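Student: Generate a structure from the sequence data that follows.
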Amino acid sequence: MAPRSRHRNPGTALTAADGPLVTALCGGVGAARLLHGLHVSPDLDTVTYTLAGAISRERGWGLEGETWNTMEALARYPSRFSWFGLGDRDLATHLFRTQRLGDGVPLSTVTGEIAAAWGVEVSIVPVTDDRVETMMDVEDEGEIGFQDYFVRRAHGVAVRGVRFRGADTARPSPGVLDALAAAEVVVICPSNPVVSIGPLLAIPGVQDAVVSRRDRVVAVSPIVAGAALKGPAGRLLAELGHEVSVVGVARLYAPLAATLVIDEADAALAPAVEAAGMRCLVTPTVMRGPAEAAALAKVIVEAA
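Tutor: Predicted coordinates for the structure are as follows:
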């Protein structure tokens, strides 16, 4: 999801269309932040744009056919945001969100309004309506915001720890715990375990709700053949003392999920995954397009 931010609002997505009730815990390559006074929620927007068929296939975030006139104009001025990118059409979403939040409407309601405007029928819900910031403890510097780490420094600096500021006092958004309780299948998507799934589980009540459904929880490994396909997941896992493999992922997720789906490239590690306490399913997990994504989704639903 859009690679820009420090104030994250990863979400849960719930669907009941033509199949079992599925709740997905997901994040992405972005987060949420107030920029130029705008509230930007890239994780939520990328899910929305993808389900609407409007996502940029080349970038994997933002809108297809985007223009960049606003950011190009901003670059004329001495701005500390000149390294940050918002497309013109994407900007309209952030303007709308900022206006509605300014009117006192909670983020979960605004997210539903945006999804409806794009014709998305799946419920997309931020894990919390409260402000939660992902802070990265960087060597030789101390804490910096996730946006600084991910975009400005291209996640090229060593991290000693991660903290979700504000999470301990945040509350789950309306419907989040109900979605987890009602789902026939709970999916932990192949998102970054540290900075995408981590913030979700840090909200009081969410991890307990997932653990209570463990037999129905299926996780998909974001690590394939010892590396992340995209983003800093592999590097972060290593820096924080975890094994960068499907076995390392299994050790992280065993308390939460009964099943781990791994790629065919890691088939030889299936016994080690099961020794870590998870049932292991081996199938192609690299989603190069809708067909591969649909096939993976079918495996996940059947697994539970």
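Student: quick one: secondary structure of residue 148?
Tutor: helix (DSSP: H, G, I helix; E, B strand; the rest coil).
Student: Check what pLDDT it gets.
Tutor: pLDDT, residue 148: 84.
Student: The one 4 residues further on now?
Tutor: The confidence metric pLDDT takes the value 81 at residue 152.
Student: any idea how far it is from residue 102?
Tutor: According to Cβ to Cβ, to the nearest Å, residue 152 stands 27 Å off from residue 102. Every residue, glycine included, has its C-beta placed from N, CA and C.
Student: of the two, who's got more company?
Tutor: Shown here are residue 152 and residue 102; by other Cβ atoms under 10 Å, residue 152 has more neighbours (15 against 10).
Student: And the nearest residue to residue 166 once chain neighbours are set aside, how far from residue 198?
Tutor: If the residues on either side of it in the chain are set aside, residue 166 comes closest to residue 132, at 4.6 Å by Cβ to Cβ, 6 or more residues apart in numbering. Applying Cβ to Cβ, the value for residue 132 to residue 198 is 11 Å.
Student: which neighbours do these two share?
Tutor: Taking Cβ atoms under 8 Å, 6 or more residues apart in numbering as the criterion, residue 132 and residue 198 both touch residue 164.
Student: Between the two, which has more neighbouring residues?
Tutor: Legend: neighbour count by other Cβ under 10 Å for residue 132 and residue 198, higher for residue 132 (24 against 21).
Student: Setting aside sequence neighbours, what's the nearest residue to the residue nearest the centre of the chain?
Tutor: Central residue of the chain (Cα atoms, centre = their mean): residue 27, 0.4 Å from the mean position. Excluding the flanking residues, the one nearest residue 27 by Cβ to Cβ, 6+ apart is residue 196, at 2.5 Å.
Student: Strands along the chain, start to end?
Tutor: Secondary structure of the chain (DSSP state E): strands located at 11-15, 22-26, 33-35, 38-40, 123-126, 133-138, 142-145, 159-165, 185-188, 217-220, 223-224, 227-228, 259-262, 279-282.
Student: Put the alpha carbons of stretch 178-197 into PDB.
Tutor: Written as PDB, here are the backbone C-alpha positions of stretch 178-197 (Å, rounded to 0.1, in the frame of the first residue of the first chain):
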ATOM      1  CA  ASP A 178     -17.600  -8.500  15.800                       C
ATOM      2  CA  ALA A 179     -16.000  -9.200  12.400                       C
ATOM      3  CA  LEU A 180     -13.400 -11.400  14.000                       C
ATOM      4  CA  ALA A 181     -16.000 -13.200  16.100                       C
ATOM      5  CA  ALA A 182     -18.400 -13.800  13.300                       C
ATOM      6  CA  ALA A 183     -15.900 -14.800  10.600                       C
ATOM      7  CA  GLU A 184     -15.900 -18.400   9.400                       C
ATOM      8  CA  VAL A 185     -12.300 -17.800   8.200                       C
ATOM      9  CA  VAL A 186      -9.900 -15.200   9.600                       C
ATOM     10  CA  VAL A 187      -7.000 -14.500   7.300                       C
ATOM     11  CA  ILE A 188      -3.600 -13.000   8.300                       C
ATOM     12  CA  CYS A 189      -2.600 -11.600   4.900                       C
ATOM     13  CA  PRO A 190       1.000 -11.800   3.700                       C
ATOM     14  CA  SER A 191       1.700  -8.300   5.000                       C
ATOM     15  CA  ASN A 192       4.700  -7.200   7.000                       C
ATOM     16  CA  PRO A 193       4.400  -9.000  10.400                       C
ATOM     17  CA  VAL A 194       6.200  -6.200  12.200                       C
ATOM     18  CA  VAL A 195       4.700  -2.900  10.900                       C
ATOM     19  CA  SER A 196       1.500  -4.000   9.200                       C
ATOM     20  CA  ILE A 197       0.100  -6.800  11.300                       C
END
